[in-house]
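Colleague: pasting the sequence and the predicted coordinates here, then a few questions.
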Amino acid sequence: MALPLKVLVLTAQSPALFAVRCMHSGAAGYVCKQEDLSELLSAIKAVLAGYNYFPSQAIKNNQTTDSDLQLFRQVNDRELMVLQLFAQGRSNKEIAKGMFLSSKTVSTYKKRLMHKLQVNTLVDLIEMAKRNALV
C-alpha cells in the first residue's frame, strides 16, 4: 500500500495569497525560493514527519476575515496571474504576448478582476495588488 502523496510548494510567488490558496488546495507546505536552503530542508523534514509547513504570514491571513481576502477568494489563478503582471507595470499587449492570449482576452480578465475586487480603475486594481503583496 502506497503512502499518501504530500505536496510541498516551492515558488517565487509571495505567500500573502498564494500560500493560503495552496493550503486550501491540499498542499502540505509552502516555501518561497527567496528563503534560505535551511528553510526548505526544515519544510521537507516537517512534511515527511506528517506536519504542515506554511509561513506564519499565511496562517495569520487564513484566520482573518479581511475584506480583501474575501474578495480574492473569488479570483481564479489565471486572473491572479494577470493581476500580478498589471501590478508589475505590464501593458495589455505585453501580458497577451507573454501568456499567449489575445489583447481582448486580457481586457476581459481585467474587467472581471475589477468587478470581483470591487474597484473602478486599473490604478485601484494595482494598488490592491500591492497592498496584498502580489508584487
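Modeller: Cool, got the structure.
Colleague: from now on I want contacts and neighbour counts done on CA atoms only, so please keep to that.
Modeller: OK.
Colleague: which residues of this structure fall in strands?
Modeller: All strands of the chain, identified by DSSP state E, fall at 8-11, 29-32.
Colleague: deepest in the core, which of those is it.
Modeller: strand 29-32 (a mean of 23; mean count of other C-alpha atoms under 10 Å).
Colleague: looking at this structure, which helix or strand is least sure?
Modeller: Of all helical and strand segments in the chain, the minimum by mean pLDDT, DSSP states H and E falls on helix 56-63, at a mean of 60.
Colleague: which residues does residue 51 contact?
Modeller: Residue 51 makes contacts with residue 28, as judged by C-alpha atoms under 8 Å, 6 or more residues apart in numbering.
Colleague: what's the spacing between it and residue 14?
Modeller: The gap separating residue 51 from residue 14 is 22 Å, by C-alpha to C-alpha, to the nearest Å.
Colleague: ends of stretch 92-106, what's the gap?
Modeller: 6 Å.
Colleague: swap in stretch 113-130?
Modeller: End-to-end distance for stretch 113-130: 15 Å, by C-alpha to C-alpha.
Colleague: and that stretch, what's buried?
Modeller: 113, 114, 117, 119, 122, 125, 126, 128, 129 (16 or more other C-alpha atoms under 10 Å).
Colleague: please produce TSV containing those, extended by pLDDT.
Modeller: Shown next, in TSV, are these (pLDDT from 0 to 100):
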residue	pLDDT
113	96
114	96
117	93
119	94
122	94
125	93
126	92
128	88
129	86
